[in-house]
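Colleague: this is a predicted model, with the sequence first.
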Amino acid sequence: MIGNDMVDIYVGPEKEHFHVHRAAICGKIPYFEKMFKDGGFAESYTKSATFPEDDPESFDLLLGWVYQGSIKVPAVRTDDRGDPELSWKPNSLYKLAEKICLSQLQGQVVDTLRDFDRQTYCLSCTKTILNAYSETRKKSGLHRYYAQSLAFILVQGKTCSTWTVNELTEAMSKEVELTRDVLTILRDSGGNVKDPVNEPDCKFHCHADGEPCYKDINKNDYDGK
């Protein structure tokens with residue numbers, strides 16, 4: 001039972017308002033349990049919190065995950081080059097999941113992105129990759145996926161539109177960490193870079209060794225264990 005006890009959360013520079021069941025968000029996310037239940041923060045008394053730097057659309061997806069246990073993925077659209085693209089922001093949602101220390105959601109974001117890339121036979125464009133490197137933490141699962149995507153494109157030429165050498169050069173010159181990650185993959189693989197959409201899921205997750213994958217946790221919940 002989630003009851004009628006509610007909290008108010010305001011997200012983004014325009015302070016978009018979300019009215020959320022406190023039991024639901026605290027029961028699913030330890031970050032909010034500490035904020036709203038422990039009594040050590042002002043939010044536990046005011047029953048409200050503000051996240052001015054976060055994306056309201058991503059927070060709405062987070063709430064979908066809280067209430068339904070999965071990401072509510074909006075429809076696919078077409079970009080200005082005619083290529084299919086997601087109509088939600090994986091990088092922004094991943095960034096939010098990092099902020100609130102939610103490794104399960106981080107894994108789901110990457111897996112949802114990989115499913116899309118697998119179905120469309122398309123890998124993310126350089127703009128999306130650069131955005132992730134500027135907004136999310138180094139060595140994250142998302143970084144590993146994007147770096148291997150770019151390394152695979154360089155070796156195999158796989159992409160849903162023709163990337164010019166200038167576009168690839170610009171991306172790698174703008175982000176030294178990306179270049180380092182790609183070169184490491186190329187060196188360690190001897191040029192035999194595997195398609196990242198077909199790699200084991202946990203390669204791009206961020207749970208610690210020995211910590212259960214979110215898929216195992218969900219399976220156990222489904223089995224009633």
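Modeller: Sure, I can see it. Residues are numbered from 1 along each chain as shown.
Colleague: quickly find the element holding A132.
Modeller: Assigning secondary structure by DSSP states H and E places A132 in helix 126-135.
Colleague: ok, residues contacting that helix?
Modeller: 91-92, 94-95, 142-143, 146, 149-150, 163, 167-168, 170-171, 174-175, 177-178 (Cβ atoms under 8 Å, 6 or more residues apart in numbering). In short, each C-beta sits where N, CA and C put it, glycine included.
Colleague: equivalent analysis for stretch 107-115, please.
Modeller: Contacts of stretch 107-115 (Cβ under 8 Å, 6+ apart): 65, 70-71, 73, 86, 90, 93-94, 97, 124, 141-142, 145, 196-197, 201-202, 204-207, 213-215.
Colleague: so the chain: which segments form each domain?
Modeller: 1-53, 74-223 (automatic domain parsing).
Colleague: and these, which one's lowest on average pLDDT?
Modeller: Of all the domains of the chain, the minimum mean pLDDT falls on domain 74-223 (a mean of 85).
Colleague: mind checking how far that domain is from the chain centre?
Modeller: 9 Å (Cα atoms, centre = their mean, to the nearest Å).
Colleague: quick check: phi and psi at the residue lying farthest from the centre of the chain.
Modeller: Relative to the centre of the chain, and counting by Cα atoms, centre = their mean, the farthest-placed residue is Y45 at 30.9 Å. Torsion angles at Y45 (phi, psi; degrees, to the nearest 10) stand at phi -100, psi -40.
Colleague: what about the nearest residue to C26 once chain neighbours are set aside, how many residues nearby?
Modeller: Nearest residue to C26 in three dimensions, chain neighbours excluded: E33, at 4.1 Å (Cβ to Cβ, 6 or more residues apart in numbering). Burial of E33 is recorded as 16 neighbouring residues (other Cβ atoms under 10 Å).
Colleague: which of the helices or strands spans E33?
Modeller: Using DSSP H and E, E33 falls in helix 30-36.
Colleague: who touches that helix?
Modeller: Taking Cβ under 8 Å, 6+ apart as the rule, helix 30-36 contacts 7, 22, 25-27, 40-41, 43-44, 47, 49, 100-102.
Colleague: how about 6 Å then?
Modeller: Residues outside helix 30-36 that contact it (Cβ atoms under 6 Å, 6 or more residues apart in numbering) are V7, R22, I25, C26, F41, E43, S44, I100, C101.
Colleague: stretch 189-203 too?
Modeller: D111, R114, D117, R118, Y145, Q148, S149, A151, F152, V155, C213.
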